[in-house]
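**Student:** okay, predicted coordinates and the sequence, questions at the end:
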Amino acid sequence: MYQAKELTVSTRGRGLVDITGEVRKAVKGTGIREGLCTLFLHHTSASLIIGENADPVVQRDLEAFFSRLVKDGDPLFQHDAEGPDDMPAHVRTVLTQVSLSIPVKDGEADLGTWQGVYVWEHRTSPHRRRVTVSVLGG
Amino acid sequence: MYQAKELTVSTRGRGLVDITGEVRKAVKGTGIREGLCTLFLHHTSASLIIGENADPVVQRDLEAFFSRLVKDGDPLFQHDAEGPDDMPAHVRTVLTQVSLSIPVKDGEADLGTWQGVYVWEHRTSPHRRRVTVSVLGG
Amino acid sequence: MYQAKELTVSTRGRGLVDITGEVRKAVKGTGIREGLCTLFLHHTSASLIIGENADPVVQRDLEAFFSRLVKDGDPLFQHDAEGPDDMPAHVRTVLTQVSLSIPVKDGEADLGTWQGVYVWEHRTSPHRRRVTVSVLGG
């Protein structure tokens, strides 16, 4: 059986948006008991990650690390049509990912205790991001 | 239902090769209307990414960033059996990915407007790369 | 058809643990001939990679590169509840991945000749890591 649900995620500019609850709900809504949930984000300047969900400082540190690694306005970048955060957003997306899969067990997304699912907005301005939650199984 | 198709991608040395058209065609060819397409590249010195498809400068900038981040001939690397680009190719592969999934909707790979699928050759010399396109669904 | 198997991987502190054999065995054990195998690691300070399996120096160089890129005890990081390797472990996990998919062909995980599957422990102390191997197909 295959079922899919689309989420729209509103971001407030650069940073992580926790979508764990929406993913869990989408998986439950399919009624599939055992299988595989795959998330896909339909953009090139935001991405998906699974990260630590307990301490908000982890999220701050992830952002700090990536901001230092991929500098806004780096003269290396020629593509800056949409501003100094444009090309860094593409690089950060490629360094992370736009698809990831989570097993479904007993009707639930089988995340580890400390795992949260996040949309990472890499642009400095707010965006609406489309995420497809696909579930395959029985 | 499960169907798979193998693509052979000829690269011209380091850089991105757009395989979006071949992926779209492979998905259509399966006749699967709703499901999940998963790509897998069977190598350790090239990778798969989804990146911006509109401005070729983005591809140049991605390459420039990764070349600076993972330097050919870096004395840190002891593994250089195949040359100064050998170990950097492995690192770049690990920083990106060899598998990624895209939802299939209405018989089509449901990529975002600006998303293209690329094989990223990390070696400086041309190679033939094998990619499996797997489609699950109904 | 969907089948899943859980692996427990004991790590000896930071470094790669080859799980290729266990993954191959789990795939064979499902009896599925054609389909998709997806691995998921249920943690935020270890990850999964596919890397070169021939020369152990590649693994040493990967570790050397990531240790230099994401420094233990970097004053940038505020989250250090569990020590100087705590936040770097989260960053390294995000730079790699916790899920990856491999096609199943003729009843076997269809890895490339030089591809091995590894759990990468990013903490300096040993841990037990849970990995789910999910196989979909027929």
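**Tutor:** Cool, the structure landed.

**Student:** tell me which element whatever residue of chain A ends up closest to chain C falls in.
**Tutor:** At 3.3 Å from chain C, A:G112 is the closest residue in chain A, using C-beta to the nearest C-beta. Bear in mind the C-beta positions are built from the backbone N, C-alpha and C, glycine included. Assessed by DSSP states H and E, A:G112 sits outside every helix and strand.

**Student:** gap between the nearest residue to it once chain neighbours are set aside and A:F77?
**Tutor:** Once flanking residues are discounted, A:G112 sits nearest to C:H42: 3.3 Å by C-beta to C-beta, 6 or more residues apart in numbering or on different chains. Distance from C:H42 to A:F77, counting by C-beta to C-beta, to the nearest Å: 37 Å.

**Student:** repeat that for A:T124.
**Tutor:** From A:T124 to A:F77 the distance is 15 Å (C-beta to C-beta).

**Student:** and A:G112, by the same measure?
**Tutor:** A:G112 is 36 Å from A:F77, by C-beta to C-beta.

**Student:** more crowded one of the two?
**Tutor:** Higher neighbour count among A:G112 and A:F77: A:F77, with 23 against 18, using other C-beta atoms under 10 Å in any protein chain shown.

**Student:** is it true that the more buried one touches A:H90?
**Tutor:** No. Proximity of A:F77 to A:H90 does not meet the contact threshold set by C-beta atoms under 8 Å, at 9.1 Å.

**Student:** quick one: buried residues of the helix ranked longest in chain A?
**Tutor:** For chain A, the helix with the greatest residue count under DSSP state H is helix A:56-69. Under the neighbour-count criterion of 16 or more other C-beta atoms under 10 Å in any protein chain shown, helix A:56-69 has A:V57, A:V58, A:Q59, A:D61, A:L62, A:E63, A:A64, A:F65, A:F66, A:S67, A:L69 buried.

**Student:** and those, which is closest to C:L100?
**Tutor:** Using C-beta to C-beta, A:L62 comes nearest to C:L100 of the buried residues of helix A:56-69, at 20.5 Å.

**Student:** show me what contacts A:E82?
**Tutor:** Neighbour list for A:E82: A:R123 [criterion: C-beta atoms under 8 Å, 6 or more residues apart in numbering or on different chains].

**Student:** let me fix that: A:V104
**Tutor:** Residues in contact with A:V104 (C-beta under 8 Å, 6+ apart) are A:V27, A:I32, A:R33, A:E34, A:G35, A:L36, A:C37, A:D110, A:V135, A:G137.

**Student:** so which of those sit within helices?
**Tutor:** A:V27.

**Student:** for the contacts of A:V104, give me TSV that also has neighbour count and distance to B:E52.
**Tutor:** Listed next are those as TSV, based on neighbours: other C-beta atoms under 10 Å in any protein chain shown; distance: C-beta to C-beta, whole Å:
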residue	neighbour count	distance to B:E52
A:V27	23	30
A:I32	20	33
A:R33	14	38
A:E34	16	37
A:G35	23	32
A:L36	27	28
A:C37	28	27
A:D110	21	33
A:V135	24	28
A:G137	24	33
